[in-house]
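Chemist: Sequence first, predicted coordinates after that:
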Amino acid sequence: MGLVDSINWMAVAFYVLAAHIVVSALLVVCVRNIVHSVLWLAVCFVAMAGLFLTLDADFLAAVQVMVYAGAVCIMVVFGIMLIRRSDMGHSNLFNGQTKIAGGVVALVIVLCGALSARTQWLLSPNEVPAETVDNIATLLLSKYVIPFEVAALLLLVALIGAIILAKEVTVDATDSER
Amino acid sequence: MGENIFTGIASGLSGLLDGAGVPVLWNDVILMVVKLVAILVFILVNALWLVYMERKVAAYVQCRIGPNRVGPKGLLQTAADIGKLLSKEFTWNKYWDIVPYILAPVLIFVPPFMIYAVLPFGENMAAIDMNIGLFYFAAVASLTSIILWAGGWASNNKYSLVGAMRVVAQMVSYELPLVLALLGVVMLTGTLNMSEIVYAQENVWFIFTQPLAFLIYFVAGLAETNRTPFCLVEGESEIIAGPYTEYSGMGFAMFFLTEYASVMLISAMCTVAFLGGWLAPFGLTFIPSWLWFFLKMYVMIFIFMWVRWTYPRLRVDQLMGFGWKVLIPLCLANIFVTGVGMYIYRAIGW
């Protein structure tokens, strides 16, 4: 039992989840079939939710599963189904601009590394509260109420836009029948 | 009598392991595995019975007799069916996308099982008493549509593909009213914890204070479990069982099992949110809490079956129109009225 107790299980969980995230994210880009990309994307999102769970942020983990794995993947599915190619084996294409891509990627990695090394990360000595939902709700409806409302308005605009786009198609259809 | 039988077994097992010198971490792990296996057995046994019950209810509704040959009153019919499904050959087809094809029936059972883990089957009888239980239910349940879609797409069959698209469209449309209906309950209780929601119904069940939310939840639940009148996903007469067309043997059996697990889950969530969970009505506390939960769940399941064998199937456009143009506005109205009502109650000083 000594060996079992000496293992830092949180670290094990972190590295397992991190490996899942990195590998599945790579596969999202590398597989040739875009349907497989979507499925790997879902794996990546679920692993990310696991990472939130190890940080005791269970509400955030549930949001991650619901919004990303549940909704964003479904949006991509709709996209795939509406613009389907006859040959799905070559639906996730590559292009040959490796030099530019390599430069941009190197720049991003260097910038992220440098910035995160220079940042003073805030470390709180307090325990994570058992009920995170209450705090999030209080902050969302007091301090961050304006961004919250702006986001709500933006979504409403998108919703109405989608309805109008969909409606116009039916009007055209009846016009052409006449 | 019998009230503490399951919690007693759990604490007895924990004490036994403690006495044997097992460390706390392993004690917890073993106890959790035992609880999850118990839930798995619960789901499997109930699914076995529900398939039989479904056939008998269908027969009763349609003035038939139903299965009556295998075993006494046909009770062994489902066992015989499982034997048949197990012995079926797993066929290979080069047009299938084989990895998602095999994974879909395996993974489809995971989300319902994950939700069962947080369900309070009786007083202090949730395997995991989660603070955000209701939200967790909504989040994990949203994963089923992409798994079902993967299975339908990987089959590479036009009926499966149409069925898979209908899965995505229908589940996304009806998830929204399902969650928004539960929001009315959350507003009244101010918590997402399922046990606390049950305790909040000590005086009056939420079916009486939130009748509209209950109805919306019921209709959306029918759609989420793909049952008639919303069974367009399978639609035997038009798209030949949709995403399940290409599956045979145990692959199909897993989808079938999950369908019944979902029906039970939707009924159980309905019991928790609207029917007072494990609380005994009229002070009949001599019947144990878990039995009350079970009884209420089965009443809901019976109503689900009753509806299934009574109504015909909707059309796709009717289905989408009903979801988006009727249920969601009703949900929003319910939330608004609930909010105003709560404010007025508080102003009066109740």
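Modeler: Looks like it arrived, so ask away.

Chemist: Could you measure from residue A:28 over to chain B?
Modeler: To chain B, residue A:28 is 14 Å away according to Cβ to the nearest Cβ, to the nearest Å. In short, each C-beta sits where N, CA and C put it, glycine included.

Chemist: ugh, wrong one, I meant residue A:151
Modeler: Separation of residue A:151 from chain B (Cβ to the nearest Cβ) stands at 18 Å.

Chemist: residues near that residue, how many?
Modeler: 11 (other Cβ atoms under 10 Å in any protein chain shown).

Chemist: pLDDT score assigned to it?
Modeler: We note a pLDDT of 92 for residue A:151 in this prediction.

Chemist: where's it relative to residue B:125, distance?
Modeler: Counting by Cβ to Cβ, to the nearest Å, the gap from residue A:151 to residue B:125 is 39 Å.

Chemist: What parts of chain A come near chain B?
Modeler: Residues of chain A lying close to chain B (Cβ under 8 Å from any Cβ of the partner chain) are A:1, A:4-5, A:33, A:35-36, A:38-39, A:42, A:46, A:58-59, A:62-63, A:65-66, A:69-71, A:73-74, A:77-78, A:81, A:130-131, A:133.

Chemist: What subset of those residues is buried?
Modeler: Buried by 16 or more other Cβ atoms under 10 Å in any protein chain shown: A:33, A:35-36, A:38-39, A:42, A:46, A:58-59, A:62-63, A:65-66, A:69-71, A:73-74, A:77, A:81, A:133, out of the residues of chain A next to chain B.

Chemist: buried ones in stretch B:12-29?
Modeler: By neighbour count with 16+ other Cβ under 10 Å, stretch B:12-29 contains the buried residues B:14, B:17, B:22, B:27.

Chemist: Tell me which two of those residues sit farthest apart.
Modeler: Spatially, the most separated pair among the buried residues of stretch B:12-29 is B:14 and B:22, at 9.5 Å (Cβ to Cβ).

Chemist: Can you pull the poorly scored residue ranges out of the stretch 101-250 of chain B?
Modeler: Residue ranges of the stretch 101-250 of chain B with pLDDT under 70: B:232-233, B:235-236.

Chemist: repeat that for 90
Modeler: By pLDDT under 90, the low-scoring segments of the stretch 101-250 of chain B are B:101-176, B:178-213, B:219-250.

Chemist: Pull the contacting residues for the residue nearest the centre of chain A.
Modeler: Relative to the mean C-alpha position of chain A, the nearest C-alpha, by Cα atoms, centre = their mean, is the one of residue A:68, at 5.0 Å. By Cβ atoms under 8 Å, 6 or more residues apart in numbering or on different chains, the residues touching residue A:68 are A:45, A:48-49.

Chemist: Filter these down to just the buried residues.
Modeler: Judged by 16+ other Cβ under 10 Å, buried ones among the contacts of residue A:68: A:45, A:48-49.

Chemist: In helices, which of the residues you listed fall?
Modeler: Residues of those located in helices (DSSP state H): A:45, A:48-49.

Chemist: The residue of chain A at minimum distance from chain B - nearest residue in space that isn't next to it in sequence?
Modeler: Closest contact between chain A and chain B, by Cβ to the nearest Cβ, is at residue A:70 (3.0 Å). In this structure, residue A:70 finds its nearest non-sequential neighbour in residue B:142, 3.0 Å apart by Cβ to Cβ, 6 or more residues apart in numbering or on different chains.

Chemist: can I assume the one you found is in contact with residue A:71?
Modeler: Yes. Counting by Cβ atoms under 8 Å, residue B:142 does reach residue A:71; the two are 7.0 Å apart.

Chemist: roughly how far is stretch A:16-31 from the heart of the chain?
Modeler: 13 Å (Cα atoms, centre = their mean, to the nearest Å).

Chemist: Same check on stretch B:217-234?
Modeler: Stretch B:217-234 sits 12 Å away from the centroid of its parent chain (Cα atoms, centre = their mean).

Chemist: residues touching residue B:275, list them.
Modeler: Residue B:275 neighbours (Cβ under 8 Å, 6+ apart): B:205, B:207, B:296, B:300.

Chemist: following the host helix or strand of the second one, which helix or strand comes up?
Modeler: The reference is to residue B:207. Element membership for residue B:207 (DSSP states H and E) is helix B:206-209. Toward the C-terminal end, the helix or strand that comes next after helix B:206-209 (DSSP H and E) is helix B:211-224.

Chemist: any residues touching that following helix, and which ones?
Modeler: Outside helix B:211-224, the residues touching it (Cβ under 8 Å, 6+ apart) are B:141, B:170-171, B:173-175, B:177-178, B:180-182, B:184-185, B:206-207, B:229-230, B:262, B:266-267, B:269-270, B:273-274, B:303-304, B:307, B:319, B:323, B:327, B:330-331, B:333-334, B:338.

Chemist: Which ChimeraX command selects the buried ones in those residues?
Modeler: A single ChimeraX command suffices to select whichever of the contacts of helix B:211-224 are buried according to 16+ other Cβ under 10 Å:
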select /B:141,170,171,173,174,175,177,178,180,181,182,184,185,206,207,229,230,262,266,267,269,270,273,274,304,307,319,323,327,330,331,334,338
